[in-house]
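> model the structure of this input:
(6 chains, ligands or ions: 6)
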Amino acid sequence: MTKYHLKKRIDIVVEAPLTRTLANQLDAANVPGYSVLPILEGRGMINAWTSEGQVSNSANMVAMFCVVDPAQVDAVIEAVLGVIRDRIGFVTIADVLVVRPERF
Amino acid sequence: MTKYHLKKRIDIVVEAPLTRTLANQLDAANVPGYSVLPILEGRGMINAWTSEGQVSNSANMVAMFCVVDPAQVDAVIEAVLGVIRDRIGFVTIADVLVVRPERF
Amino acid sequence: MTKYHLKKRIDIVVEAPLTRTLANQLDAANVPGYSVLPILEGRGMINAWTSEGQVSNSANMVAMFCVVDPAQVDAVIEAVLGVIRDRIGFVTIADVLVVRPERF
Amino acid sequence: MLSLALQNLLSPMVLFFVLGLLAAWARSDLTIPESIAKFLALYLLLSIGFRGGAEVSHHGLTAPLLTAVAAGVALSFGTPFVAYAILRAATRLGSVDAAAIAGHYGSISAVTFVAVTGMLGQLSVPYDGYLVAVAAAMETPAIFAALLIANRGETAHRGRSEFFREVAFNGSIFILLGSFAIGAITGERGLALLKPFILDPFAGFLCLFLLDMGLVAGRGLKQGWRHLTLAVTSFAVIMPLISASLAAVAAALIGMSAGNAAVLITLAASASYIAAPAAMRLALPAANPALALTLSLGVTFPFNLLVGIPLYIAIASRIAH
Amino acid sequence: MLSLALQNLLSPMVLFFVLGLLAAWARSDLTIPESIAKFLALYLLLSIGFRGGAEVSHHGLTAPLLTAVAAGVALSFGTPFVAYAILRAATRLGSVDAAAIAGHYGSISAVTFVAVTGMLGQLSVPYDGYLVAVAAAMETPAIFAALLIANRGETAHRGRSEFFREVAFNGSIFILLGSFAIGAITGERGLALLKPFILDPFAGFLCLFLLDMGLVAGRGLKQGWRHLTLAVTSFAVIMPLISASLAAVAAALIGMSAGNAAVLITLAASASYIAAPAAMRLALPAANPALALTLSLGVTFPFNLLVGIPLYIAIASRIAH
Amino acid sequence: MLSLALQNLLSPMVLFFVLGLLAAWARSDLTIPESIAKFLALYLLLSIGFRGGAEVSHHGLTAPLLTAVAAGVALSFGTPFVAYAILRAATRLGSVDAAAIAGHYGSISAVTFVAVTGMLGQLSVPYDGYLVAVAAAMETPAIFAALLIANRGETAHRGRSEFFREVAFNGSIFILLGSFAIGAITGERGLALLKPFILDPFAGFLCLFLLDMGLVAGRGLKQGWRHLTLAVTSFAVIMPLISASLAAVAAALIGMSAGNAAVLITLAASASYIAAPAAMRLALPAANPALALTLSLGVTFPFNLLVGIPLYIAIASRIAH
Ligand SMILES: Nc1ncnc2c1ncn2[C@@H]1O[C@H](COP(=O)(O)O)[C@@H](O)[C@H]1O
Ligand SMILES: Nc1ncnc2c1ncn2[C@@H]1O[C@H](COP(=O)(O)O)[C@@H](O)[C@H]1O
Ligand SMILES: Nc1ncnc2c1ncn2[C@@H]1O[C@H](COP(=O)(O)O)[C@@H](O)[C@H]1O
Ligand code: NA
Ligand code: NA
Ligand code: NA
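Ligands and ions are numbered 1, 2, ... in the order given. Now for the predicted structure:
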């Protein structure tokens, strides 16, 4: 297994209007990159919501994720919490193996 | 690492027309929340499919996921299997760490 | 926990125009299936990009994933690297548990 | 009639459908985004419904309308039993697949409806606006018939009533009947207001929709041709003729005009590719969903467009009062 | 006036809104894809803006225009304070929720603007094209007022200026004012060129948009009716009347014509469901976002459409010069 | 000519492009959903193709058509070599980036085609419908030239033939040529049917498309301005003039009319932002994709719109027979 290297995948579910703000924070935390995926609908502790028929992004959530080096995790989580602390949305961390570790 | 807490992420690939049914089952299993992501296309054991140009949702699959407490996993899997047992679609379970454990 | 079985989830972020090529490689590597999810926007080492307002797929990335048997991982990674080696995009591997192991 | 068929063959709509088929066959990356396809379907149903309703607003809900709806419901509910019997006798399809296909063939295709009314217009054969309501009424009975056939009136995890509600309040029926009602209520006034949207560009939107249908059908054929045995493909050509015959008898019995009969026959002969696939997927999970769609969209739809409809009009003009 | 209200009640637009409500209530799977909804909103704003600008191109930016804009800004900024006071006194809502709702009611609804101008057209009451600019100017002051009220001029992780920029360059304002400017620059020539796109099919696109709004409002009501206490619901009906009264005073003071006054009053009485929700979500995260939207779209919008606008026109004709 | 340039400058289309640029510059959250952008491009290509075909249906495929196509293909294939040489000599770009940009400048822009034909219409200078076919034929040769230049006729994991097929059956070429063929087959009859869809609202759809292009170009410029050295930016202005000169020679050689020559010159001078980016991304992965798009859409397109086209028309009228 020497050819696989351990990294961390950080998944964040966040309100769509905050995408830019969170991206700026991730940039500031020097993540090697991030990707934003759409969420169609969901339910949390307060409300269910759906993107269907919405004319603005205000009701939507998106799923951002970034693969980072384990050493970076704490700093990235700090940056993420800075954005979502008083808000709906949450963050999870998982182990992943990668092949080209120099990318992250 | 005391500030991170272990939870389970359950990912379900399910036929789009069953989204509502599965969501109801997840509600009944008391999951703290769930999110639904679109899938553009895919291939399984029988067919390949694509959402492109489709006028109804009948051919589509979606990716639902929910982050739950480890103690809940069996009950949630039971609920999910109730919906997808005789159907295409599948479910996976993974370890994730979270920061605000009281949310889940 | 005997009812859960260990499989591997392989996530690939790849340029949208390469979806077909990669799918063909995955087919050739005999994966049991795969799914393709849209990405709205992202940033990597060189550029940030967004799908917004794009008339062609050329700027887009997509997220493909497939759940495979651990024994298949090396072959699948080989196939994936064949496509993305000289390109942007990356691949990660994670542990997941499944309920119906015969599907994968 | 022949020249009409030829002219139909060379209409922009048919040619755009063929262009879609070609693009799929050549594996072009030409695509219609899913949300655009859904918008086009929504537009067509809204436009068809509204225009039908606006015409009815002259006449009101009369006895002929009710008789026609009853005949349509009976045909939609009855045809699947015939289709199922034929499929089981002549092909190797399992009972669930056969039931699912039977459901598609009992239900109707809104675009085929548009095609027959367009051709009647060219021939100056009059027909009644209320046939839109007949079309809407024919969408679902076939779905329930397919369920009865597959002997699964109840599906796991959703009571019978939940499923009934979902099928009855299906989006495509809702928009067709809803627009019909709005057309009937607002009449001429509404039509004048909406004409530049729902009437004038209709042919253009239809071309785009058929381009998309060609792409979907072409990709389905390309992927699923292995399943298309001779027996199954023959079914997709013969079944419309059988449904048409049953509808012709019904039309004769209730004394329809030539135009109305042509529409009823065409509706019966058409197979669904919007409402039925979604419902069948929910109700009969074991069925191969691509098969029914490929048959109805890739074989029966072009067959009706090119051969069927001229034939049905000819038959209708014989039996009409 | 009553017959006008009735005719309005039975216009295709209102009926499509009702159809959307019904579909949501029946839990139909009828849906408008998100990208289509965004396109429809874009189209409406572009069309409204352009037409307003094309009309202004005759007259130029005159003193009445500037006075009207000033009055609109004052109303938009002032109303939220009144709304907040009422909400805190009469309901059990927390201060953040109350501020967010107040922001929605200070801002304006473009579709309500369309409805009042349509009705004025039917009554042959003239009004000025520059009122589009007034509408655009009334979108944001309310949002800043809501922030002041919630005492959070600064939000975490984004400087005040960053947020100011985001609200001021909000997409809907950009497209409304931008189209207005383009309409004003290109005038008759531009209008002639774009008429088949932005004028002729406008009513049709509006019907589709209202179908979507009906669906969204219906789903919001279905999900959120628990939050709709009698006090809160009453607010959604009474607040427009209060805003309308304030606007009527302003219109009288600056000596507006009957048509212009009717538009200004209606704008003040309308509540936002495009620009405000997005801004409030950013600025006041603790607020329940569905609540304000459900009130403005599910209660106040239909109230204005059916009862409010005829009333506002009547008031305007009294006070007008 | 100058007043024409000015009037062009103040056309709604150009102004909507500028509005998009401004929105991007102000970091407004104004967005056009991806599926809507794809629909608009599809609509424009379909409309352009169909109208060209409908005009050709009068004349048939004649010798002038074939000569023009041959000239177009030669220009499209030849220009990239010139562009590459200039880029390598005058800028610091690597060979792959230079080849990719060269490919974009050999290929053509459909919207620039629309702009020149629109201006010719205003000047009452006639041109032939078959030039649409020339435009379609000029889309891909440049892409193959770029591949040759980058010396990578074969790309990993996809045989040469697979890539050839993908480029040749590219969606935008398919729809342009397919609609051209359908227009040619259905002629006047088809045009009459589809006019309210493909002709009347064309200007409106074009405005929306250009708003989107302005947004995309503006965001590209905002992000990529660091890459836009003086040398690279100058290339984006000088290259069209060189291509235009080459095309002018070709047009003179084959004896084109003033209108046709103006169109051919403009096509040559235009740079692709639909077909080429996708193909180059596949074929030349090492190239920075945003750079070529930003140059062609953010610099060359506006340059052609404002300065180039009037100039090309003037040149064409000199050299024409
Ligand atoms: N446990 C969860 N698993 C997956 N998604 C969740 C979960 N909890 C919340 N979400 C998503 O986050 C949104 C906001 O949740 P909340 O903060 O609980 O209101 C929901 O609407 C879901 O889309
Ligand atoms: N191993 C897999 N990994 C990822 N997605 C899969 C996998 N197997 C199936 N899928 C997805 O689930 C759909 C149905 O698969 P199946 O039940 O095998 O027909 C496929 O079309 C894919 O979208
Ligand atoms: N560390 C990362 N985590 C998540 N997504 C990434 C990461 N790095 C790159 N990406 C995605 O891959 C695209 C190309 O990245 P790159 O190859 O670094 O230019 C980016 O635009 C992102 O969408
Ligand atoms: Na039928
Ligand atoms: Na207001
Ligand atoms: Na060129």
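> hmm, the lowest-mean-pLDDT helix or strand in chain D touching chain F?
Lowest mean confidence among the helices and strands of chain D (mean pLDDT, DSSP states H and E): helix D:2-9, at a mean of 72. No. With Cβ under 8 Å from any Cβ of the partner chain as the threshold, helix D:2-9 lies outside contact range of chain F, at a closest distance of 8.6 Å. Any C-beta I mention is one placed from the backbone N, CA and C, and that applies to glycine too.
> so what touches that helix?
The contact list for helix D:2-9, computed with Cβ atoms under 8 Å, 6 or more residues apart in numbering or on different chains, reads D:14, D:115, D:119, D:122-123, D:305-307, D:309-310.
> same check on stretch D:54-72?
Counting by Cβ under 8 Å, 6+ apart, residues outside stretch D:54-72 touching it are D:128-131, D:133-135, D:137-138, D:180, D:183-188, D:190-191, D:247, D:250-251, D:253-254, D:256, D:260, D:264, D:267-268.
> where does the prediction get shaky in the chain?
Unless you meant another one, I'm taking chain A. In the predicted model, chain A carries pLDDT under 70 at residues A:1-2.
> chain D is the one I meant
D:1-2, D:4, D:151-160, D:321.
> got the residues of chain A near chain B?
Listed as neighbours of chain B in chain A under the rule Cβ under 8 Å from any Cβ: A:11, A:13, A:37-45, A:61, A:63, A:77, A:81, A:90-95.
> among those, name the ones in strands.
A:11, A:13, A:37-38, A:41-43, A:61, A:63, A:90-95 (DSSP state E).
> ok, residue 28 - contacts?
Went with chain A since none was named. Counting by Cβ under 8 Å, 6+ apart, residue A:28 touches residue A:79.
> actually, chain D is the one I wanted.
Applying Cβ under 8 Å, 6+ apart, we find residue D:28 in contact with F:169-171, F:174.
> and chain A, which of its residues are near ligand 1?
Residues of chain A that fall close to ligand 1, judged by Cβ under 6 Å from any ligand atom: A:13, A:39, A:42-47, A:49, A:61, A:88.
> helix or strand right after the least confident helix or strand of chain D?
Per DSSP states H and E, helix D:2-9 leads on to helix D:12-25 as the next helix or strand towards the C-terminus.
> the residues of chain A next to chain B, buried ones only, as a ChimeraX selection?
Under the burial definition 16 or more other Cβ atoms under 10 Å in any protein chain shown, those of the residues of chain A next to chain B that qualify are selected in ChimeraX by:
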select /A:11,13,37,38,39,40,41,42,43,44,61,63,77,90,91,92,93,94,95
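> sec struct for whatever residue of the stretch 51-200 of chain D ends up closest to chain F, please.
In the stretch 51-200 of chain D, the residue that lies nearest chain F is residue D:200 (3.7 Å; Cβ to the nearest Cβ). Going by DSSP: H, G, I helix; E, B strand; the rest coil, the secondary structure assigned to residue D:200 is coil.
> okay, which residue is most central for chain D?
The centre of chain D sits closest to residue D:109, judged by Cα atoms, centre = their mean, with a distance of 1.1 Å.
> any idea how far residue D:178 is from it?
For residue D:109, the distance to residue D:178 (Cβ to Cβ, to the nearest Å) stands at 19 Å.
> okay, stretch D:82-96 in CSV with CA atoms only?
These are the backbone C-alpha positions of stretch D:82-96, laid out as CSV (Å, rounded to 0.1, in the frame of the first residue of the first chain):
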residue,chain,number,x,y,z
VAL,D,82,-55.1,-6.9,-24.9
ALA,D,83,-51.5,-5.7,-25.1
TYR,D,84,-50.5,-7.9,-22.2
ALA,D,85,-52.1,-11.0,-23.7
ILE,D,86,-50.3,-10.4,-27.0
LEU,D,87,-46.9,-9.7,-25.4
ARG,D,88,-47.1,-12.9,-23.2
ALA,D,89,-48.2,-15.0,-26.2
ALA,D,90,-45.8,-13.7,-28.8
THR,D,91,-42.7,-12.6,-26.9
ARG,D,92,-40.5,-14.0,-24.2
LEU,D,93,-41.0,-11.0,-21.9
GLY,D,94,-41.7,-11.7,-18.2
SER,D,95,-45.0,-10.8,-16.8
VAL,D,96,-43.8,-7.6,-15.1
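> give me the nearest residue to the residue of chain A found nearest chain D, chain neighbours excluded.
Distances from chain A to chain D, computed as Cβ to the nearest Cβ, single out residue A:52 as the nearest residue at 10.5 Å. The spatial neighbour of residue A:52 that comes closest, neighbours along the chain excluded (Cβ to Cβ, 6 or more residues apart in numbering or on different chains), is residue E:31 at 4.9 Å.
> the one you found contacts residue A:53, doesn't it?
Yes. In this structure, residue E:31 sits in contact with residue A:53. The criterion is Cβ atoms under 8 Å, and the distance is 6.5 Å.
> does any part of the host helix or strand of residue D:148 sit near chain B?
Using DSSP H and E, the element containing residue D:148 is helix D:141-149. No. Applying Cβ under 8 Å from any Cβ, one finds that helix D:141-149 is not in contact with chain B, the shortest distance being 12.2 Å.
> spell out which parts of chain D neighbour chain E.
With Cβ under 8 Å from any Cβ as the criterion, chain D meets chain E at residues D:33-36, D:38-39, D:42-43, D:46, D:50, D:165-166, D:169-171, D:174-175, D:178-179, D:181-182, D:185-186, D:190, D:193-194, D:196-198, D:200-201, D:278.
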